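Participant: Provide a 3D model corresponding to the input given below.
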Amino acid sequence: MKGFFITGTDTDAGKTYVSSLILKALRQERVDVVGYKPICCGGREDAYALQEASGGDAGGALDLYKVNPFWARTPAAPYVAAMFEKKDLEIAPLIQGAADLAAAHDAVLVEGVGGWMVPITKEYMIADLAKDIGLPVILVVGNRLGTLNHTLLTVQSMRSAGIEPVGMVVNNLVDELDTATVTNKSLVEDLTGVPVLADVIQGQEEIEAWPFLELLEQ
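Facilitator: Purely as a prediction, here's the structure:
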């Protein structure tokens, strides 16, 4: 299986936005890559965005259920949403969904839910899903005050689980940068040793494909 698992420093770090940019950039380089959002809680906008960035639903080749097999309307952690709506949230079909897409395409980009340690079940976290799917992990860093703490804790948790992130994408969440947001990019790289693959300004519509192409070729 080729591709990436995209996680974030927190909810609203910009995982879907960054994932869509990566998908579009790679597809412009003629890589047949598609997005996969195994779990959506609340609205389903993230799944629609990944479907669109993956080339849409032309010929039914990538219908919404393939992009997003589990959807709960409750805006909460998957464990809570599934309990609240009395839905069975089975792990095996989520992993199989990624494998099925990877078998049909050159690569698959899997987007997690919220942050790294969001519970899917009582004893199974997003971190466990990433490990079981087995793709290289990219961390989306939502650049704002508090980013250093969230990033260091997330990378520490990844490493304690035996996963070394292959890179970070810094996503600037505000127009007017202050001292913290200006210095965060260099500091997160320096403090973690994880390379920053891209620095995305608010509203950016394109991203360079080459860092992600190089990772796919490794």
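
Participant: Enumerate every residue touching residue 202.
Facilitator: Residue 202 makes contact with 172-175, according to Cβ atoms under 8 Å, 6 or more residues apart in numbering. Where C-beta positions appear, they are placed from N, C-alpha and C, glycine not excepted.

Participant: go with 6 Å
Facilitator: The contact partners of residue 202, taken as Cβ atoms under 6 Å, 6 or more residues apart in numbering, are 172, 175.

Participant: Beyond the strand ranked longest in the chain, next helix or strand please.
Facilitator: Longest strand in the chain, counting residues (DSSP state E): strand 107-115. Once strand 107-115 ends, the next helix or strand along the chain (criterion: DSSP states H and E) is strand 119-121.

Participant: Need the contact partners of that following strand.
Facilitator: Outside strand 119-121, the residues within contact range by Cβ under 6 Å, 6+ apart are 77-79, 125.

Participant: which residues of the chain fall in strands?
Facilitator: Using DSSP E, the strands of the chain run over residues 3-8, 33-36, 39-41, 70-72, 107-115, 119-121, 124-125, 137-143, 167-172, 196-200.

Participant: Tell me the gap between the last one and the middle of its chain.
Facilitator: Remark: strand 196-200 is offset 14 Å from the chain centroid, using Cα atoms, centre = their mean, to the nearest Å.

Participant: And stretch 45-63, by the same measure?
Facilitator: The chain centroid and the centroid of stretch 45-63 are separated by 16 Å under Cα atoms, centre = their mean.

Participant: Name the nearest residue to residue 205, ignoring sequence neighbours.
Facilitator: Spatial nearest neighbour of residue 205, chain neighbours left out: residue 21 (7.9 Å); criterion: Cβ to Cβ, 6 or more residues apart in numbering.

Participant: just residue 75 next, same as before
Facilitator: The nearest residue in space to residue 75 (Cβ to Cβ, 6+ apart) is residue 42, at 3.3 Å.

Participant: per-residue confidence for that neighbour?
Facilitator: With respect to pLDDT, residue 42 has a value of 95.

Participant: so where's this protein shaky on pLDDT?
Facilitator: Residues of the chain meeting the criterion pLDDT under 70: 57-61.

Participant: Which stretches in it count as helices?
Facilitator: Along the chain, the segments classed as helices by DSSP state H run 15-28, 45-53, 64-67, 78-84, 91-104, 126-133, 147-160, 179-192, 210-217.

Participant: which of those helices sits most buried?
Facilitator: Using mean count of other Cβ atoms under 10 Å, the stretch among the helices of the chain with the largest mean neighbour count is helix 15-28, at a mean of 22.
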